[in-house]
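**Q** Need the 3D shape of this:
(2 chains)
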Amino acid sequence: MAGHSAELDSKTLWGGKESPFQTSYGKLMMWFFLVSDALTFGGLLVAYGFTRHDVSVSGTEGWPIGEETFNSLPFLGHGYPLIYVALMTFILIVSSVTMVLAVEAGHRMDKKGVIKWMIATIIGGFFFLGSQAWEWFHFTHGSEFGKVELSNGSQAIVQGHFGEIEKFTVVKAGTEHKAGEEITEDLMHEFQHAAMAGHLHMHGKDIQIHLEDGSIANVSKKADEHLTLIIKKDAKPENVGKRIEGEEAEKLYYEALTSGVENRVIYGAKFFGDDQFGLNEYGPQQYAQFFYFITGFHGFHVFSGVVINIIILIGVLMGTYHKRGHYEMVEKTGLYWHFVDLVWVFVFTFFYLV
Amino acid sequence: MERDDLIEYSLHAHHDEEQGKKIRKKIWMVTALLTIVTVVEVALGAYIKQSSSAWPVVKWSFIIMTLFKAGYIVMVFMHLGDEKKWMRNVILIPYFLFMLYLIFIALWEAVAVGEAWTTYGGA
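**A** Numbering: from 1, shown residues only, chains lettered A, B, ... in the order given. Predicted coordinates:
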């Protein structure tokens, strides 16, 4: 009722001219956006947890273990559990720090400082994106050994150092290769392709590869080192997690590799193509799907964060915010950037550690 | 006409060199803290196997360390700790309530769904 309002004094009423929580509109809206985005990521990670706790999915072949799945470094090969993701995490933390230093410089109206730290943040963002590209590439292509189905039907992942393939010596000519010819290019790719298709066979002590053109070649390859099989799926659940080493491991592995049966060995997690769509080296199909979706969605956030940072940096360089008298735009883009770091902290824990 | 009804609180968000030094010191402290926690996490993850009897403890310590890191990122880097108390609550309380509910219901349901499928389904 209109008549009553006059009796209320101005202290009781909100008279305007005061922002809620004494925060500017833009910053408050950024926070609301981040809460909604955090709900999206929370939902994704909970969905991942759902799948993992559902034994009809995870119980059949065991959920992949982070330190076994992510143990490679660029140029150095395998045997470095979690070091690469730790590096990625560190890169993102450092870029978060440079961002908060840019915000701090903004509060002192130190334009040069803001420029310096924002450039550092953008570089950190690019480093992270590059690291993620490598990781996706590696995840898609898989390890050099792949996952094998052994002759007793159990499945095992393989660790160790894969002996380099030196050459293929053609022993039976096909439409493209002549007998006696030595093939020295694209060996690993051909070898893995043949292994998946069941085109590798044992011939005495040699591995023979049946190439696409109908030719047959002997594979010369250096010896593997520390080959270890870790059982992931077995008729007897107590065998899961068992390790087989030494000669026995080698025998079982190459028996499976040269069985001539399709898909006895699987490399990586294919993203496209019906080649072996849905199959992956690491474990249940859903694992790879969640990996691509969650790290991809996060990576997309990092990418948009870098783009927004570049746009704001241009504004800083042009002096737009200096003229305005405050660097709140840097603070707002900073909030988004820290959020990206925050999400990664959770992805890191639930995908790689736990 | 210049509007006088828009109050920019950000205009007051300035500090001098002296305060800046303090803030930067805090930032570097938090950086060191986050790095150390990450190193501890990786070391535990790399050396303690999931088959080990210590694993449940390690797993929960990962979750606690994650929340610890997240707390520092939100409170210091995103300086939610410096905002008004009720702004902090408006952001954190609904989120935590909803997420705790979602985690509880989803994981509980996952176990039930898994049991149902392994008992009656499949084949």
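**Q** all contacts plus neighbour counts: C-alpha atoms, from now on.
**A** Fine.
**Q** for the longest helix along chain A, packing partners?
**A** Across chain A, the longest stretch assigned as helix under DSSP state H is helix A:285-317. Using 3 or more C-alpha pairs under 8 Å, 6 or more residues apart in numbering or on different chains; DSSP states H and E as the contact definition, the elements that helix A:285-317 packs against are helix A:25-53, helix A:111-141, helix A:328-347.
**Q** what do you get if the cut-off is 10 Å, keeping everything else the same?
**A** Using 3 or more C-alpha pairs under 10 Å, 6 or more residues apart in numbering or on different chains; DSSP states H and E as the contact criterion, the elements in contact with helix A:285-317 are helix A:25-53, helix A:55-61, helix A:83-107, helix A:111-141, helix A:320-324, helix A:328-347.
**Q** Mind putting the ones you listed into CSV with mean neighbour count?
**A** What follows is the helices and strands packed on helix A:285-317, written out as CSV (neighbours: other C-alpha atoms under 10 Å in any protein chain shown):
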stretch, mean neighbour count
helix A:25-53, 17
helix A:55-61, 19
helix A:83-107, 23
helix A:111-141, 19
helix A:320-324, 14
helix A:328-347, 22
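**Q** Of all those, which one comes closest to A:Asp213?
**A** Ranking these by distance to A:Asp213, with C-alpha to C-alpha as the measure, places helix A:111-141 first at 24.0 Å.
**Q** partners of whichever helix or strand comes after the closest one, with directions?
**A** From helix A:111-141 onward toward the C-terminus, using DSSP states H and E, the following helix or strand is strand A:147-149. For strand A:147-149, sheet partners with direction are given as strand A:155-161 (antiparallel), strand A:265-266 (antiparallel), following DSSP bridges.
**Q** Quick one: distance of the shortest one to the chain centre.
**A** Between the centre of strand A:265-266 and the centre of its chain there are 20 Å (C-alpha atoms, centre = their mean, to the nearest Å).
**Q** Residue ranges in chain B under the pLDDT threshold?
**A** Filtered on pLDDT under 70, chain B yields the residue ranges B:1-13, B:122-123.
**Q** The longest helix seen in it: how far from the chain's middle?
**A** Identified as the longest helix of chain B according to DSSP H is helix B:85-120. Helix B:85-120 sits 16 Å away from the centroid of its parent chain (C-alpha atoms, centre = their mean).
**Q** Now that helix: buried residues?
**A** Buried residues in helix B:85-120, counted by 16 or more other C-alpha atoms under 10 Å in any protein chain shown: B:87, B:91, B:95, B:99, B:102-103, B:106-107, B:110-111, B:113-114, B:118.
**Q** near chain A too, which of those?
**A** For chain A, the contacts drawn from the buried residues of helix B:85-120 by C-alpha under 10 Å from any C-alpha of the partner chain are B:87, B:91, B:95, B:99, B:102-103, B:106-107, B:110-111, B:113-114, B:118.
**Q** can you tell me if stretch A:43-56 touches chain B.
**A** Yes: judged by C-alpha under 10 Å from any C-alpha, stretch A:43-56 comes into contact with chain B through A:43, A:45-56.
**Q** domain ranges for chain B?
**A** Under automatic domain parsing, the residue ranges defining each domain of chain B are B:23-82, B:84-123.
**Q** now the longest one: how far from the chain's centre is it?
**A** Centroid separation for domain B:23-82 versus its chain: 10 Å, with C-alpha atoms, centre = their mean.
**Q** And the residue nearest the centre of chain B?
**A** B:Ala70 (2.6 Å; C-alpha atoms, centre = their mean).
**Q** hang on, it in a strand?
**A** No: the assignment for B:Ala70, made by DSSP: H, G, I helix; E, B strand; the rest coil, is helix rather than a strand.
**Q** which ones are touching it?
**A** Under the criterion of C-alpha atoms under 10 Å, 6 or more residues apart in numbering or on different chains, the contact partners of B:Ala70 comprise A:339, A:341-346, B:34, B:64, B:76-77.
**Q** do that again at 8 Å, thanks
**A** With contacts defined as C-alpha atoms under 8 Å, 6 or more residues apart in numbering or on different chains, B:Ala70 is in contact with A:342, A:345.
**Q** list the buried ones in the longest helix of chain A?
**A** For helix A:285-317, a neighbour-count test (16+ other C-alpha under 10 Å) marks A:285-288, A:290-292, A:294-295, A:298-299, A:301-303, A:305-306, A:308-310, A:312-313, A:316 as buried.
**Q** helices or strands next to the helix or strand containing A:Gln192 in the packing?
**A** For A:Gln192, the element it lies in under DSSP H and E is helix A:187-197. On a contact count with 3+ C-alpha pairs under 8 Å, 6+ apart, helix A:187-197 meets strand A:165-172, strand A:206-210, strand A:265-266.
**Q** and the angle from the longest helix of chain A to helix A:111-141?
**A** Relative orientation of helix A:285-317 versus helix A:111-141 (axes from the mean of the first three to the mean of the last three C-alpha atoms, to 10 degrees): 160 degrees.
**Q** now helix A:285-317: mean pLDDT?
**A** When pLDDT is averaged over helix A:285-317, the result is 94.
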